[in-house]
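Engineer: model the structure of this input:
(chains A and B)
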Protein chains: 2
Amino acid sequence: MQRHEKTDFPVVETRRHLETGPIVLVTSGWRGETNIMTMGWHMMMQFSPALFGCYIWAGNHSYELIRRSRECVINVPTADMVDAVVAVGNSSGHSLDKFEAYGLTAAPAHHVQAPLIQECYASFECRLADDRQIDEYGLFIWEVVKGHVAATVSEPATLHYHGQGRFRVAGPMLDLSERFKPQNL
Amino acid sequence: MQRHEKTDFPVVETRRHLETGPIVLVTSGWRGETNIMTMGWHMMMQFSPALFGCYIWAGNHSYELIRRSRECVINVPTADMVDAVVAVGNSSGHSLDKFEAYGLTAAPAHHVQAPLIQECYASFECRLADDRQIDEYGLFIWEVVKGHVAATVSEPATLHYHGQGRFRVAGPMLDLSERFKPQNL
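Structural biologist: Next comes the predicted model:
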């Protein structure tokens, strides 16, 4: 796995990396403890402020860390990381340091306690914007407060979970921009 | 564009076609009027009953049809349909029959008034499960009540919107199922 040098990325353009629907690695940090979980149930909800919703199962070890800290980082992995992604998703942080166990490198975020994952080409720092749907739906509504993206990565081989232990890898880019109305771009 | 013969698909497995994050065509029907819109902000929310959330902008012509009927169909297009997908997303149903204009074929659904799109390989009939987040977030929470998927399509070339008029096409399938815990499959 390659570590990526990331630079600031405008949060209003978060969709370019999350709307395509990749599996993501969610990092959390609370009172010195950190953890990582995989997550595939998420959506953009607003451009500005940038809102992002996701479902987190209460049975995840990360759930309490995230709920208490009211922060997380959404990190986007690529296909070279698929072994780590699967390992993270099939283990519990209850008795394991997943960073150490699976060769992932934590880097400090700017605004939140949760760490960035250096091997991910994109990371988005989030603060909880609305906790009212957590009890009923496990739905966390986040404001993306800071984006970090590797400028060198233009068509990332993101992983898209299909269920049954299978992932689609993002393929070719189609550019249809000439057929869009300018206000829709 | 090819029309697909679809067969019943268990709603509990809806994730296999929507969790990967494809752009979808949402059909609506209300008092004899039908419409189609493109939509990329959506997520799975629960396996059973199958819940699915999506953001719909109040400025869309479909918004009122969907809100009043409390029903829709989520249709999944593939790359051979990209011209129609872009045309649907860059026009308004206010003064246009998008089915006729863009060569799409409506077929009756089983449980809802909104039609299926025959050219899409998968369609999911939905009934509104929770309208409480619509005013604040434009978030519709649906129960998927019926699934239709073409059995002949195994690795659909779904479209994943990147913004700026560009789409990623779903690429190769990676099978990591041997590394999953059985309960996680």
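Engineer: where does the residue in chain A that chain B sits nearest to land in three-state SS?
Structural biologist: Per CB to the nearest CB, residue A:21 is where chain A lies closest to chain B, at 1.0 Å. Where C-beta positions appear, they are placed from N, C-alpha and C, glycine not excepted. When classified by DSSP: H, G, I helix; E, B strand; the rest coil, residue A:21 comes out as coil.
Engineer: what are the phi and psi angles of the one residue sitting closest to the centre of chain A?
Structural biologist: Chain A has residue A:74 as the residue nearest its centroid, 2.4 Å off, counting by CA atoms, centre = their mean. The phi/psi pair for residue A:74 (degrees, to the nearest 10) reads phi -100, psi 110.
Engineer: pretty sure it contacts residue A:23?
Structural biologist: No: using CB atoms under 8 Å, residue A:74 is not in contact with residue A:23, being 10.9 Å away.
Engineer: which neighbours do the two share?
Structural biologist: residue A:39 (CB atoms under 8 Å, 6 or more residues apart in numbering or on different chains).
Engineer: so the strand or helix carrying residue A:162 versus strand B:159-163, what angle?
Structural biologist: Taking DSSP states H and E as the definition, residue A:162 sits inside strand A:159-163. Interaxial angle of strand A:159-163 relative to strand B:159-163 (axes from the mean of the first three to the mean of the last three CA atoms, to 10 degrees): 140 degrees.
Engineer: what packs against the helix or strand following strand A:159-163?
Structural biologist: The helix or strand immediately downstream of strand A:159-163 is strand A:166-175, counting by DSSP H and E. Counting by 3 or more CB pairs under 8 Å, 6 or more residues apart in numbering or on different chains; DSSP states H and E, the packing neighbours recorded for strand A:166-175 are strand A:159-163, strand B:159-163, strand B:166-175.
Engineer: now mean neighbour count too, for these, in a markdown table please.
Structural biologist: Listed next are these as a markdown table, based on neighbours: other CB atoms under 10 Å in any protein chain shown:
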| stretch | mean neighbour count |
| --- | --- |
| strand A:159-163 | 23 |
| strand B:159-163 | 23 |
| strand B:166-175 | 18 |
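Engineer: sorry, back to before: list of residues touching the strand holding residue A:162?
Structural biologist: Here strand A:159-163 has contacts from A:20-23, A:38, A:40, A:77-79, A:81-82, A:85, A:167-170, B:13, B:15-16, B:19-21, B:160, B:170, B:173-174, B:185, using CB under 8 Å, 6+ apart.
Engineer: need the buried ones from the residues you listed selected in PyMOL.
Structural biologist: Applying 16 or more other CB atoms under 10 Å in any protein chain shown to the contacts of strand A:159-163, the buried members can be selected in PyMOL as follows:
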select buried, (chain A and resi 20+21+22+23+38+40+77+78+79+81+82+85+167+168+169+170) or (chain B and resi 15+16+19+20+21+160+170+174)
